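Q: Quick one: sequence and predicted model below, then my questions.
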Amino acid sequence: MIKQVSRLPDLAPLSVENFKILSDCEIYPDLTEIYLNDKGTIISHSPGGGCVISGEEDDEIVSFLEFLNPQSIFCSFENASKINLKGYEKNSVFVMKTVAAEKGGVKETDIKSDEVYSLLKEAEDFYLPSFENFAVDFCRRKNRGGLVVRCIDNTALSMAFTLSDTAFICGVVSKRAGYGSKVLKELLSLLYGKTVFAAVREQIVPFYLKNGFKTETKATYFIKK
């Protein structure tokens with residue numbers, strides 16, 4: 001049985017799925033819906049329509065997802081094999097991980113949401129919501145201290161969601177050769193001491209390996225067509 005709960009259960013060990021759920025609950029405490037089944041699987045549904053599953057998948061959850069009809073779903077690679085939903089594009093990603101161990105002298109970049117959105121859109125390798133939804137989320141996270149952004153000359157950009165001692169990189173783009181690594185390293189210096197995750201497509205894995213990340217596991221995004 002799946003029921004909505006008012007309080008988030010303890011989440012350990014930390015994974016990307018758990019980070020996403022905890023982050024949404026931190027930024028949207030009164031708007032993120034949390035559901036729990038008898039096996040302890042957690043399903044979160046954020047105001048933007050994103051759904052995250054943490055725990056074991058089963059047929060009941062699949063039926064619940066059909067009812068919930070989210071804009072996107074993020075779950076483990078193993079769970080994704082059990083989900084067969086019509087109308088969604090399925091994208092497998094590699095979960096990369098590192099510990100930000102070097103301090104730097106750079107400062108966080110003060111940049112507007114429309115400038116960030118334009119840079120991400122040019123990269124053509126991101127799932128982007130409408131600008132209106134992106135801007136609301138961007139500003140809310142920035143205002144609540146849950147988003148760190150580093151930009152170099154409007155040429156390269158990197159940003160991450162943050163939560164306590166953990167961070168999740170949600171975008172790295174560069175319009176100039178070599179600047180991708182540079183802006184990522186500068187972002188990591190701003191995240192000093194944190195465990196940092198990224199979830200990237202297979203072709204991007206070498207970039208993260210080159211910059212000190214290790215492959216942790218695989219996961220899957222379902223994006224509504």
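A: That came in fine, so what should we check first?
Q: any idea of the pLDDT on V52?
A: Looking at V52, its pLDDT stands at 97.
Q: Could you give the separation of the helix or strand hosting it from the chain centroid?
A: Assigned by DSSP states H and E, V52 belongs to strand 50-54. The chain centroid and the centroid of strand 50-54 are separated by 11 Å under CA atoms, centre = their mean, to the nearest Å.
Q: Next, the angle strand 50-54 makes with whichever helix or strand comes after it.
A: Downstream of strand 50-54, the first helix or strand assigned by DSSP H and E is helix 59-68. Orientation of helix 59-68 against strand 50-54 (axes from the mean of the first three to the mean of the last three CA atoms, to 10 degrees) gives an angle of 170 degrees.
Q: Now helix 59-68: buried residues?
A: Under the neighbour-count criterion of 16 or more other CB atoms under 10 Å, helix 59-68 has I61, L65, L68 buried. (Each C-beta comes from the backbone N, C-alpha and C, glycine too.)
Q: Mind giving me the packing neighbours of whichever helix or strand Y117 is part of?
A: Using DSSP H and E, Y117 sits within helix 113-123. The helices and strands touching helix 113-123, judged by 3 or more CB pairs under 8 Å, 6 or more residues apart in numbering; DSSP states H and E, are helix 131-143, strand 147-152, strand 156-163, strand 166-174.
Q: Please repeat the previous calculation with a cut-off of 6 Å.
A: helix 131-143, strand 166-174 (3 or more CB pairs under 6 Å, 6 or more residues apart in numbering; DSSP states H and E).
Q: Just name the most buried of these.
A: strand 166-174 (a mean of 21; mean count of other CB atoms under 10 Å).
Q: Give the pairing partners of that strand; include direction for each.
A: Here strand 166-174 is paired, per DSSP bridges, with strand 156-163 (antiparallel), strand 195-200 (parallel).
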